[in-house]
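A.B. asks: model this:
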Amino acid sequence: MKIVSLSDNIPRGACASEHGLSLYLETDAGIRVLFDMGQGDVFARNAERLGIDLSQVDVAVVSHGHYDHGGGLATFLRLNDRAPVYVTARAFEPHYSVRPAGTAFIGLDASLAAHPQLVHNGLLCSPAPGLTLFSGVTGDFPQPAGTARLLGPDARQQDDFAHEQSLLIEEEGHTVLIGGCAHAGLVNMMQRAEQLSGHSLTHVFSGMHLMMEPQSPAYLRQLAAALLRREGCLFYTMHCTGAEAFGHMASLMPGRLHYLAVGGKIEI
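C.D. replies: Have a look, this model is predicted:
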């Protein structure tokens, strides 16, 4: 399996960066997956630089209804007229963020919701052999502090993140979890993935949503300890984790936590 970062906050080499996330995956079975599309066309320009032909993508996924993950949807649909794009049923509802200047809309372009390539999936679906999309994550592990500033459709209540989905890939003895921002809590997402697969995870690729608010050292220690209990699992983070939180977490997880910046490639 190959995983390439096409959009991330941190630049690498000649690739452009942005506050966004997009990952390109090729499974050992030859399935080409685009997971998220950043804010606009950065992911597409970086794909061209890296020799990746997005017109050949077989399956696309929008992890949740925020602009920095699905803002590039229109760009992708122009480049690829055949791949189904999997979104949760609530992805196109309005979503908001509380910022110093006031409440800001951070949702997707609702005019794209009825596009024929879009698949509005439920809590669980399999877009291809070995691939499982799941949403509706709950659990006891605390969510990151910054989620309190993210609001749902009525702009008055905290988002319940029912629109967030993650991708589980199982092949060749590997059980790999791909996430967007892990708003519902990375540990809770991992527990759900382990329940679905019946196996321990070998690799996790996901933002951790630690950059919006300063995280207490106690919370970071709690999170690192929970991740370290997954013996043999390697973690790759990106995007919304933030450089400061990543540095702290990496010091607590030497050799187990890595940053996947834009243009970076991991082969499993």
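A.B. asks: Which residue ranges of the protein form helices?
C.D. replies: Counting by DSSP state H, the chain has these helices, from start to end: 42-49, 67-70, 73-79, 186-197, 217-228, 243-252.
A.B. asks: who wins for proximity to residue 55 among those helices?
C.D. replies: Between residue 55 and the helices of the chain, the tightest spacing by C-beta to C-beta is seen for helix 73-79, at 5.6 Å. The C-beta positions use only the backbone N, C-alpha and C, and glycine is treated the same way.
A.B. asks: May I see the buried residues of stretch 156-166?
C.D. replies: Within stretch 156-166, the residues scored as buried using 16 or more other C-beta atoms under 10 Å are 159, 161, 162, 163, 164, 165, 166.
A.B. asks: Can you give me every residue that contacts residue 126?
C.D. replies: Counting by C-beta atoms under 8 Å, 6 or more residues apart in numbering, residue 126 makes contact with 132, 133.
A.B. asks: Can you tell me how far it is from residue 22?
C.D. replies: Distance, residue 126 to residue 22, by C-beta to C-beta, to the nearest Å: 22 Å.
A.B. asks: Would you confirm that residue 166 contacts residue 177?
C.D. replies: Yes: using C-beta atoms under 8 Å, residue 166 is in contact with residue 177, at 6.3 Å.
A.B. asks: overlap in contacts of those two?
C.D. replies: Joint contacts of residue 166 and residue 177 (C-beta under 8 Å, 6+ apart) are 189, 193, 206.
A.B. asks: Can you tell me which of the residues you listed lies closest to residue 235?
C.D. replies: For the shared contacts of residue 166 and residue 177, the residue nearest residue 235 by C-beta to C-beta is residue 206; the value is 8.1 Å.
A.B. asks: Could you measure from the closest residue to residue 211 other than its chain neighbours over to residue 98?
C.D. replies: Closest residue in space to residue 211, ignoring its immediate chain neighbours: residue 242 at 2.8 Å, by C-beta to C-beta, 6 or more residues apart in numbering. From residue 242 over to residue 98 the distance is 18 Å, taken as C-beta to C-beta.
A.B. asks: The closest residue to residue 84 other than its chain neighbours - how many residues pack around it?
C.D. replies: Excluding its sequence neighbours, the residue lying closest to residue 84 (C-beta to C-beta, 6+ apart) is residue 119, at 4.9 Å. Counted with other C-beta atoms under 10 Å, the neighbours of residue 119 add up to 15.
A.B. asks: And for residue 47?
C.D. replies: When counting by other C-beta under 10 Å, one arrives at 22 neighbours for residue 47.
A.B. asks: And for residue 237?
C.D. replies: Look at residue 237: counted by other C-beta under 10 Å, it has 24 neighbours.
A.B. asks: burial of the residue nearest to residue 103 when sequence neighbours are not counted, as a residue count?
C.D. replies: Closest residue to residue 103 apart from its sequence neighbours, by C-beta to C-beta, 6+ apart: residue 96 at 5.1 Å. Using other C-beta under 10 Å, residue 96 has 20 neighbouring residues.
A.B. asks: wait, what's in contact with residue 96?
C.D. replies: 103, 104, 105, 106, 107, 150, 151, 152, 155.
A.B. asks: redo that, cut-off 6 Å
C.D. replies: Residues counted as contacts of residue 96 (C-beta atoms under 6 Å, 6 or more residues apart in numbering) are 103, 105, 151, 155.
A.B. asks: what's the closest non-adjacent residue to the residue nearest the centre of the chain?
C.D. replies: By C-alpha atoms, centre = their mean, the chain has its centre lying nearest to residue 180, at 1.5 Å. Distances taken as C-beta to C-beta, 6+ apart place residue 63 nearest to residue 180, at 3.1 Å, with adjacent residues excluded.
A.B. asks: any idea how far the one you found is from residue 179?
C.D. replies: 7 Å.
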